[in-house]
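Engineer: Prediction below, plus the sequence it came from.
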Amino acid sequence: MRAMTLAPWLVMVALVVALLAVVRGGDRWHRVEWLVKPAAAGVFVLTGLAAGALESSFGQVLLTGLLLAAGGDVLLIPRDKRAFLGGLVSFLAGHVAYGVAFVVRGVDVTAVGVAALVLAAVAAPILRWLWPHVERPMRGPVVAYVVVITSIIALAVGTAQRHGEWALLLGSVGFYLSDLSVARDRFVARGFVNRAWGLPLYFFSQLLLATQAGPR
């Protein structure tokens with residue numbers, strides 16, 4: 001049982017290390033990213049299924065979020081603005097699916113409200129930081145994205161407070177923070193450093209969420 005539990009984490013470590021090496025390699029290794037990145041996404045989707053995601057409404061909605069995140073991963077591989085926007089929409093829908101899953105699981109409404117106020121105070125400086133670097137056509141989608149991911153974290157706090165399921169909150173926060181690495185790389189300053197911390201944080205956060213997809 002323990003080996004089965006550790007297996008997806010060990011596989012993910014190997015794939016994330018390989019992905020970072022591919023990204024570090026630049027254009028000559030770009031084609032390999034089409035193999036490694038979808039494989040890493042497949043690990044967290046399969047982990048969700050193995051955890052029993054199909055056995056409950058909560059798990060089914062969470063699995064939908066995992067699938068949408070995996071789709072976003074693929075759409076971010078091409079170096080194309082339209083693909084990037086498609087990836088943004090897919091990740092946004094994934095966040096929304098997670099939020100719906102938290103509501104289905106049950107939330108503490110008071111905790112959600114308090115968390116929303118605190119998180120709004122965090123989101124404001126993030127938008128101020130990004131705003132000068134975001135081209136006008138992308139400003140609307142970026143604002144919508146920040147509002148949604150902030151709301152999802154508030155819902156995760158509500159679920160954690162009601163049921164004590166802090167792994168769901170930790171995974172959601174990791175997803176949120178990894179989005180900042182994507183935003184910095186896309187709008188502020190491109191560089192390997194964004195991927196160096198953003199990719200591990202993203203994939204391990206998704207994997208953590210996937211392990212929680214089983215029936216409660």
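Structural biologist: Perfect, thanks for sending it. Residues are numbered from 1 along each chain as shown.
Engineer: Low-confidence regions, this protein specifically.
Structural biologist: For the chain, the stretches with pLDDT under 70 are 1-4.
Engineer: can you pull out the helices in it?
Structural biologist: 2-25, 30-51, 57-75, 81-105, 109-130, 136-163, 166-183, 192-211 (DSSP state H).
Engineer: Take those and write them to CSV, including mean neighbour count.
Structural biologist: Glycine gets a C-beta too; all of them are placed from N, C-alpha and C. Shown next, in CSV, are the helices of the chain (neighbours: other C-beta atoms under 10 Å):
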stretch, mean neighbour count
helix 2-25, 14
helix 30-51, 18
helix 57-75, 21
helix 81-105, 20
helix 109-130, 14
helix 136-163, 19
helix 166-183, 20
helix 192-211, 20
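Engineer: Isn't residue 170 up against residue 206?
Structural biologist: No. Applying C-beta atoms under 8 Å, one finds residue 170 not in contact with residue 206, separated by 11.8 Å.
Engineer: Return the residues in contact with residue 131.
Structural biologist: residue 139 (C-beta atoms under 8 Å, 6 or more residues apart in numbering).
Engineer: Any figure for the gap between the one residue sitting closest to the centre of the chain and residue 165?
Structural biologist: Closest to where the C-alpha atoms of the chain average out (C-alpha atoms, centre = their mean) is residue 175, at 3.5 Å. Taking C-beta to C-beta, to the nearest Å as the measure, residue 175 falls 16 Å from residue 165.
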